[in-house]
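Chemist: curious how this folds, go ahead:
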Amino acid sequence: GKKHYKAYTFAITDFYGKSIGEFVFFYDFSPFYTQFIKTMTIMSVWTILLLLVMFFLLRTLVIRHEQTLHDLYRRAQMIMDSQSDIVIVTDGNEIIEVNQKFLEFVRFKSLEAFKARYRCICEWFIEGEGLIGSITENALWTHYLLMHADQENVAKISVEGEVYLFRLYAQQLSDTEIVISMQNITALKNKERELSSYLKLVDKNILISSTDLEGNITYVSQAFIRMSGYTKEELIGKTHRVIRHPDMPPHLFEELWATITENKVWHGELKSKKRDGGYFWSKMWIHPKYDENGIKIGYTGIRDDITDKKLIEEISITDALTQIYNRRYFDEM
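Modeler: Alright, predicted model coming up:
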């Protein structure tokens, strides 16, 4: 029927060892077999159920992990897009990711469209003194920036006839990722050149001198040098006594120092001595000078040349022949 048996055999021998037959034992283990099959079936079902549960758990974890990665990527992209600078992520050989500022600058709709024509933004660099030149290999460009991270790296880029200047920074994010930041400094450099031009005009035409807190001269403009007749080397490190005219009363300078040491602005008219023995008059304003932390580090004097005015005043109150004060001066007195 449907029973299962185990069969065991034992040889039968006589006293002399001659085989005379065999014993055959039959053992009915059908109940155990049925239980075994039932147990195996239950275990298989539970194993399948357990595998299904593990599969769904792992799938849920994977989905959550993918969602977390997606959220992190989305946040990272939002952070990149919020930057005012161009941001490029590269593995050293090709561009992996860019922010929206990059696409707006290169005038491409997507990174894929840009990579279809160019391997690297460095292909757009223009040669020039003090600039990073055109490097066609992305690996060479990123390696150069990493090796020269301690210095200012500037690149000039031309886009559709417009020229831009960028300050470049590179940082090793991981073994396979390098972040390149490109700061547009075109407007800043233009302002610097404009400011430099203004400063040259001021230096050339305005009488300016600066001192430390002890009154030692630390800066003189070219106009001041030209007016006084002294060289820069003859003035720097000295005090203004070198140009003090003996006609000026001592109490005037005592009042001057008392005013500026109280962090106030002093203004008045001074007669100063030239190197050749001549003199010049100036209307002067002296201001306290502070550093970026608001600490006073010295004083700056700005002078307006009024020598011609003083000469006209002198002519108007003296007789041209005798050099004696005239009736007008007498009436004023």
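
Chemist: for the chain, what spans make up the helices?
Modeler: Counting by DSSP state H, one finds helices in the chain at the ranges 30-82, 100-106, 111-115, 138-147, 186-205, 222-228, 232-235, 250-261, 307-317, 327-332.

Chemist: now render the ones you listed as CSV, adding distance to Y5, mean neighbour count and mean pLDDT.
Modeler: Every residue, glycine included, has its C-beta placed from N, CA and C. Below are these laid out as CSV (distance: least, C-beta to C-beta, whole Å; neighbours: other C-beta atoms under 10 Å; pLDDT from 0 to 100):
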stretch, distance to Y5, mean neighbour count, mean pLDDT
helix 30-82, 8, 11, 86
helix 100-106, 81, 17, 89
helix 111-115, 73, 14, 91
helix 138-147, 77, 18, 76
helix 186-205, 97, 11, 89
helix 222-228, 122, 18, 93
helix 232-235, 121, 14, 93
helix 250-261, 122, 13, 91
helix 307-317, 137, 13, 78
helix 327-332, 150, 10, 74
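
Chemist: now for those, which one comes closest to I132?
Modeler: Closest approach to I132 among those is made by helix 138-147 (7.1 Å; C-beta to C-beta).

Chemist: residues in contact with the closest one?
Modeler: 90, 92-95, 119-120, 122, 132, 135, 153, 168-170, 172, 178, 180 (C-beta atoms under 8 Å, 6 or more residues apart in numbering).

Chemist: that older thread, of all the helices of the chain, which one comes closest to D212?
Modeler: Comparing the helices of the chain by C-beta to C-beta, helix 250-261 comes nearest, at 12.4 Å.

Chemist: gap between that closest one and the chain center?
Modeler: Mean-position distance between helix 250-261 and its chain equals 45 Å (C-alpha atoms, centre = their mean, to the nearest Å).

Chemist: shaky segments in the stretch 151-300 of the chain?
Modeler: Scanning the stretch 151-300 of the chain for pLDDT under 70 picks out nothing.

Chemist: can you give me the strands in it?
Modeler: Along the stretch 151-300 of the chain, the segments classed as strands by DSSP state E, counting those that start in this stretch run 153-159, 162-172, 178-184, 207-212, 217-220, 266-273, 279-290, 296-305.

Chemist: re earlier: and the contacts of helix 138-147, which of them are buried?
Modeler: Among those, the ones that count as buried by 16 or more other C-beta atoms under 10 Å are T90, G92, I95, C120, C122, I132, I135, N153, L168, A170, I178, I180.

Chemist: tell me which of the helices of the chain sits nearest to N293.
Modeler: Taking the helices of the chain one by one with C-beta to C-beta, helix 250-261 is closest: 19.6 Å.

Chemist: quick one: list the elements packing against that closest one.
Modeler: If contacts are counted by 3 or more C-beta pairs under 8 Å, 6 or more residues apart in numbering; DSSP states H and E, helix 250-261 sits against strand 266-273, strand 279-290.
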